[in-house]
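# predicted model and sequence below, questions to follow.
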Amino acid sequence: MNIPNDYFYSKSHEWIKFLDDTTALIGITDFAQSELGDIVFVNLPEVEDTIEVEDSFADVESVKAVSDIYSPVAGTVSKINEELFDSPELINESPYDAWLIEVSDITEKDDLLTAEEYEAFLSEEA
Amino acid sequence: MAQKTPLYEEHVKLNGKIVDFAGWMLPIQYKTGIIAEHNAVRQKAGLFDVSHMGEFSVTGKDAFSTLQHVVTMDLSDMADGQIHYSPMCYPDGGVIDDLLIYRKSETSYLVVVNAANIEKDYEWIASHLVGEVDFQNISDQVAQVALQGPLSDTILEKVTDKKNIPEKYYTFLDQVPVAGRPCLISRTGYTGEDGFEIYLAPEDAPYIWNTLLAAGKEEGLIPCGLGARDTLRLEATLPLYGHELSSTINPYQAKLGLFVKLNKEEFIGKEALTNLKATTDKKRVCLVLVDRGIARAGDKIYHGDVPVGEVLSGTHSPTLGKAIATAIVPVSLNEIGTVLTIDVRGKMLKAEVVASPFYKRNQ
């Protein structure tokens, strides 16, 4: 299971990559995409939407089911990855490149896990 | 605790993602994923473990009379080695299950039923036997694998003689060797492609499974799970009990009127179905989502503001690259091009009635 060191993680299997102190990209982890299977549809919020910690801000659908994606931070959506509308499979192919949204003006963070902690968390779950 | 099929260990070895389906531990997919498995069956070939399906043997002098009494299809024209598909109905016309009936001889039939309905079907038929008949649930003694896809025939020829392969769709050959083990080979399937369902002894299942996978390797044969089985059958618009069929759905609503033979002398449900043929005012349609999103079973459907039904099955169609769904709606809304609205998790998405089935192979 691929878990890059320069990202942070949530227990609901999102990754977060800080671009600066108050801006970050959010996606879903390799573990999450492999659990979901082939992703065929992504529903993203709109730019300028505000989101709170643990808000469901997006959903991704695999062939079989839909899954909510939760935000590990509070802030404002500053970009969405529109490429995923046409190519949702990028999440399966390259989960740490296929960011879902960029959040700016981050005011609050959930308890984020480091790569090492996330790996430990996954092995406990298994 | 869910039961294991004789192929459970093979699924684990192949990294199958195991789920509980109708009380059986079966792979929803292997590491290849649902879309690759789906495409393998459409373009080349796929192998499924369908050992969870139920099998009954009906033998004796009145085997025919019993089956003719409980199913809606007319079995009187069947030859040995032929298969009929039929609904089995309650007296009110609601569907108990849909079955495959194999005629081995005038006094010996094999009946194949859905895994989730084995006990219900067994009890129903057992309480409606006619005359001298021996009726047995032999599900535990029968394993089944489905080899499906355009290259199935080529692959099967590698493990058995050509003369052992039934030529026509909906026919079978019994007690023929596959890789040297006695099997019943049936030219049937649940995918919309050419293919075979092979019935065999549980102890032979792992050997035959692995022999077929090895034999089909160069043709691109891969193991396929329940996920692809569902997307394939939905594209082909084959009904799934509990979705397009149920005790509250009659065969006319399900567009299976072709399998109800009202000119048959007598069968359970005949009176109700005679009436329902004339009065059924809601029928199954095929829908393609126009707006982005995927409708799922249970989502409510509207025509304008008027609720008109709910989604029976809904998924992403790998072949069409679109979200597809089935529904039963008033016949006034069955016309191709009719636009309906589906409430998908709070979003009102447009869907259009399209021709049925969603997918039909080039013959």
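That came through fine. Numbering: from 1, shown residues only, chains lettered A, B, ... in the order given.

# who in chain A is up against chain B?
When proximity is defined as CB under 8 Å from any CB of the partner chain, chain A approaches chain B at A:37-38, A:40-41, A:43, A:59, A:61-66, A:85, A:92. All C-beta spots, glycine's among them, are computed from the backbone N, C-alpha and C.

# so what does A:Glu61 look like in phi/psi?
phi -120, psi 130 (degrees, to the nearest 10).

# burial count for the residue lying closest to it once chain neighbours are set aside?
Using CB to CB, 6 or more residues apart in numbering or on different chains and skipping residues adjacent in sequence, the residue nearest A:Glu61 is A:Phe41, 4.1 Å away. Neighbour count of A:Phe41, defined by other CB atoms under 10 Å in any protein chain shown: 19.

# state the pair within the residues of chain A next to chain B that is farthest apart.
Farthest-apart pair in the residues of chain A next to chain B is A:Lys64 and A:Phe85; separation 20.3 Å (CB to CB).

# ok, the two, which is more surrounded?
The residue with more neighbours, out of A:Lys64 and A:Phe85, is A:Lys64; 20 against 13, by other CB under 10 Å.

# surely that one is in a strand?
No - looking at A:Lys64 with DSSP: H, G, I helix; E, B strand; the rest coil, it is coil, so not inside a strand.

# tell me who's in contact with the residue nearest to it when sequence neighbours are not counted.
Leaving aside its chain neighbours, A:Lys64 sits nearest to B:Gly227 (5.6 Å; criterion: CB to CB, 6+ apart). B:Gly227 is in contact with A:Gly37, A:Val63, A:Lys64, B:Ile28, B:Gln29, B:Ile34, B:Glu37, counting by CB atoms under 8 Å, 6 or more residues apart in numbering or on different chains.

# pLDDT score assigned to the fourth one?
Note on B:Ile28: pLDDT of 95.

# confirm it sits in a strand?
Yes - the assignment for B:Ile28 is a strand, going by three-state DSSP.

# hmm, it is touching B:Gly225, no?
Yes - with contact defined as CB atoms under 8 Å, B:Ile28 counts as touching B:Gly225 (5.0 Å).

# higher neighbour count, the two?
B:Gly225 (27 against 19).

# look up how far chain A lies from the more buried one.
Computed as CB to the nearest CB, to the nearest Å, the B:Gly225 to chain A distance reads 10 Å.

# repeat for B:Gly149
18 Å.

# before we move on, what SS does B:Ala214 have?
helix.

# show me the helices in the chain, by range?
Picking chain A for this. All helices of chain A, identified by DSSP state H, fall at A:30-36, A:83-86, A:90-93, A:115-125.

# um, chain B though
B:8-13, B:34-43, B:63-70, B:118-126, B:152-156, B:205-215, B:226-235, B:270-279.

# give me phi/psi at the spatially closest residue to B:Asn275 that is not a sequence neighbour?
Nearest residue to B:Asn275 in three dimensions, chain neighbours excluded: B:Gly93, at 8.0 Å (CB to CB, 6+ apart). Note on B:Gly93: backbone dihedrals following degrees, to the nearest 10 are phi 90, psi -10.
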